[in-house]
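> When you get a sec, could you give me coordinates for this:
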Amino acid sequence: SSGINAEYGKVEWPNNYNAKRNTTKSFLYLIFENVSSIMSLLADCLKEQHGGSVTYNYRLPLDKVSTKPIQVIPWVVSDNVAAYSTQSRLDNKLTVFVGALHGRLYAQALGHIFEELFQNVAYVQIDTDRYRYPIGSGRVTFASVESYRKAVEENFLTIMAPKFSKRVQIEPYIEDEPCGKCHVISAPNFCKNRMCFDYFCDNCWGWHHSIEGFRNHVPVKRNRKMDR
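Numbering: from 1, shown residues only. Below you'll find the model as predicted:
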């Protein structure tokens with residue numbers, strides 16, 4: 001760490017120690033004060049070209065210890081968002097949550113994939129941590145109900161790229177939406193079966209799905225850890 005600090009400027013090392021497992025994660029974040037430090041670091045990396053992507057490998061300058069090169073993955077924070085619509089207000093009822101995203105998949109690329117498959121993409125946002133670095137999930141908002149339905153019904157999708165293959169999950173993005181039956185605020189359940197395809201409070205879910213033909217429907221629950 002001292003070598004990188006001295007050569008490229010001040011670096012903040014987030015705490016990545018797991019006290020429960022007594023281990024340290026095999027990755028860390030480098031937060032630089034300016035862009036020139038990042039450019040200097042990338043210039044000193046060994047570059048590997050794979051189609052349209054580049055892998056940067058950096059070897060630590062340690063005289064006594066032989067180490068494997070460290071892979072450096074730069075991230076431009078503006079790549080967290082891609083807007084395709086001039087709508088001033090986006091509808092959460094037309095938004096899907098996409099989980100298990102690869103860390104190198106940026107918003108515009110995700111939007112392109114969803115546009116090819118489902119059409120009418122309006123907005124894409126990659127979820128990030130406090131350093132504005134991707135955490136492996138994102139949200140896609142559509143401009144039409146039919147495109148939204150198609151994405152939700154797809155449920156799982158395999159994304160193939162030169163450097164990775166990743167199976168992602170697509171679910172309705174559930175926020176504070178009213179129940180479609182009694183119109184109570186913050187219905188925590190969503191039924192993605194085409195016979196329903198609506199939000200339900202707990203009471204309305206119970207009576208509606210007690211009817212023959214609806215009993216095998218499984219609710220998608222709001223994940224309160226993801227609430228913003």
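> alpha carbons only for contacts and neighbour counts from here, please
Will do.
> Got the phi and psi for the closest residue to C201 other than its chain neighbours?
Counting by C-alpha to C-alpha, 6 or more residues apart in numbering, the nearest residue to C201 once its immediate chain neighbours are dropped is A187, at 4.3 Å. Backbone geometry at A187, expressed as degrees, to the nearest 10, gives phi -70, psi 120.
> I'd guessed A187 sits against P178; true?
Yes. A187 is within contact range of P178, at 5.4 Å (criterion: C-alpha atoms under 8 Å).
> can you pull out the strands in the chain?
With DSSP state E, the ranges of strands along the chain come out as 17-18, 23-24, 46-50, 53-58, 70-72, 81-83, 95-99, 121-128, 134-142, 156-160, 165-172, 189-191, 198-200, 220-221.
> And stretch 76-92, end to end?
Separation of the first and last residues of stretch 76-92 by C-alpha to C-alpha, to the nearest Å is 26 Å.
> so how far is that stretch off the chain centroid?
Computed by C-alpha atoms, centre = their mean, to the nearest Å, the chain-centroid distance of stretch 76-92 equals 14 Å.
> what do A187 and P178 both touch?
199-201 (C-alpha atoms under 8 Å, 6 or more residues apart in numbering).
> among these, which ones are buried?
Neighbour counting with 16 or more other C-alpha atoms under 10 Å marks 199-201 as buried within the shared contacts of A187 and P178.
> Of those, just say which sits nearest to R130.
R130 has its nearest neighbour among the buried ones among the shared contacts of A187 and P178 in Y199, at 30.9 Å by C-alpha to C-alpha.
> Can you check what pLDDT the model gives that closest one?
If you check Y199, the pLDDT there is 92.
> residue ranges with poor pLDDT in the chain?
1-25, 51-52, 62-67, 88-89, 223-228 (pLDDT under 70).
> Pick out the residue nearest the middle of it.
Computing the C-alpha centroid of the chain and ranking residues by C-alpha atoms, centre = their mean puts S137 first, at 1.9 Å.
> who touches that residue in this structure?
97-101, 126-127 are the contacts of S137 under C-alpha under 8 Å, 6+ apart.
> now do 10 Å
By C-alpha atoms under 10 Å, 6 or more residues apart in numbering, the contact set of S137 is 97-103, 105, 125-128, 168-169.
> Quick one: buried ones out of those?
97-99, 101-102, 105, 125-127, 168-169.
> Number of residues surrounding the residue lying closest to T55 once chain neighbours are set aside?
Counting by C-alpha to C-alpha, 6+ apart, the nearest residue to T55 once its immediate chain neighbours are dropped is E48, at 5.1 Å. Neighbour count for E48, taken as other C-alpha atoms under 10 Å: 11.
> residues contacting E48?
Going by C-alpha under 10 Å, 6+ apart, E48 touches 54-57.
> which of these sit farthest apart?
The largest separation in the contacts of E48, counting by C-alpha to C-alpha, is between V54 and N57 at 9.9 Å.
> Give me the more crowded residue out of these two.
Neighbour comparison, V54 and N57: the larger count goes to N57, with 18 against 13 (by other C-alpha under 10 Å).
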